[in-house]
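Chemist: Output the structure for:
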Amino acid sequence: MEHVGVSLGMPLFYNLIIIEFMDSLSNYRQRALQSLEGNWGNAVIVTVIYLLIASIFQVGLESVLPFSKDISKLSGGLLSILILVPIGWGFLVYFLRLVRHEKLGVKDLFAGFADYARVLLAMLLKTVYILLWTLLLILPGIYKSLSYALTEYVLLDHPEMNGEQAIRESMRLMRGKELSLFLLGLTFIGWAILSIITLGLGFIFLIPYIQTALAHFYEDAVKEDRGAIEL
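Modeler: Numbering: from 1, shown residues only. The predicted model follows:
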């Protein structure tokens, strides 16, 4: 009878863990919406500007560069990397600053150019590492991309760190949290489908929503780490 009681109790125990886990993921989305309240306009404007710049550099450069087709592709790709990488970093940390209630403007999208070399090298290093892991197998590549996911935020908070150090700090903060971040991303799939149905227009709202939730995820990871150190 005692064994029966234990066996009956285990499913309930696991169900409670799953419910608590899903509640924590839902909490990130709720907090993201709270942070965006009153800030949706600016968040959407910054997102549209970022997407327009990305589209121009990824599609338009080949047609305007005065070189042969192959050289134009290569030159356009290099220029895109040199310009879009720091802008992409500025786009991500914009939402971390939003979560922290800092005063923001469109100019913050270009903050990466103020620390150009460090940001560029760090983001390129992160991309190379993920590609190398992905060449081995897809799953290790996905795992490492999750492990490196906080690198951009670490660069903002630790100006003394270089790219390698920021990646390692991201790995440390993410230890044991990879599945949580992966599942958090999955919770937005329904919204992504709706955005596709709207011919992509929904993404100008979904992208800020996701990025703000990720910023809250980082903040919690840092707080948890500080709590563990104090203990």
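Chemist: switch to C-alpha atoms for all contacts and neighbour counts from now on
Modeler: Fine.
Chemist: mind checking how far Tyr209 is from Thr47?
Modeler: 11 Å (CA to CA, to the nearest Å).
Chemist: Other residues contacting stretch 116-129?
Modeler: Applying CA atoms under 8 Å, 6 or more residues apart in numbering, the contact partners of stretch 116-129 are 82, 85-86, 89, 112, 148, 152, 155, 162-164, 166-167.
Chemist: just the residues you listed now: which is nearest Gly202?
Modeler: Trp89 (22.2 Å; CA to CA).
Chemist: in the helix or strand that contains Met123, what counts as buried?
Modeler: In this assignment (DSSP states H and E), Met123 forms part of helix 116-136. Within helix 116-136, the residues that count as buried by 16 or more other CA atoms under 10 Å are 116, 118-123, 126, 129-131, 133-134.
Chemist: pLDDT score assigned to Leu12?
Modeler: Per-residue pLDDT puts Leu12 at 48.
Chemist: got it, and the one 10 residues further on?
Modeler: You'll see Met22 listed with a pLDDT of 56.
Chemist: likewise Leu231?
Modeler: 48.
Chemist: Ok, Ser80 next?
Modeler: So, for Ser80, pLDDT stands at 77.
Chemist: check contacts around it.
Modeler: Applying CA under 8 Å, 6+ apart to Ser80 gives the contacts Ala54, Phe57, Gln58.
Chemist: Just give me the neighbour total for the second one.
Modeler: Think Phe57. 17 (other CA atoms under 10 Å).
Chemist: What distance do you get for it to Ile83?
Modeler: 8 Å.
Chemist: next one: Ile142
Modeler: 26 Å.
Chemist: Could you list the low-confidence segments of the protein?
Modeler: The model of the chain has pLDDT under 70 over residues 1-23, 59-77, 228-231.
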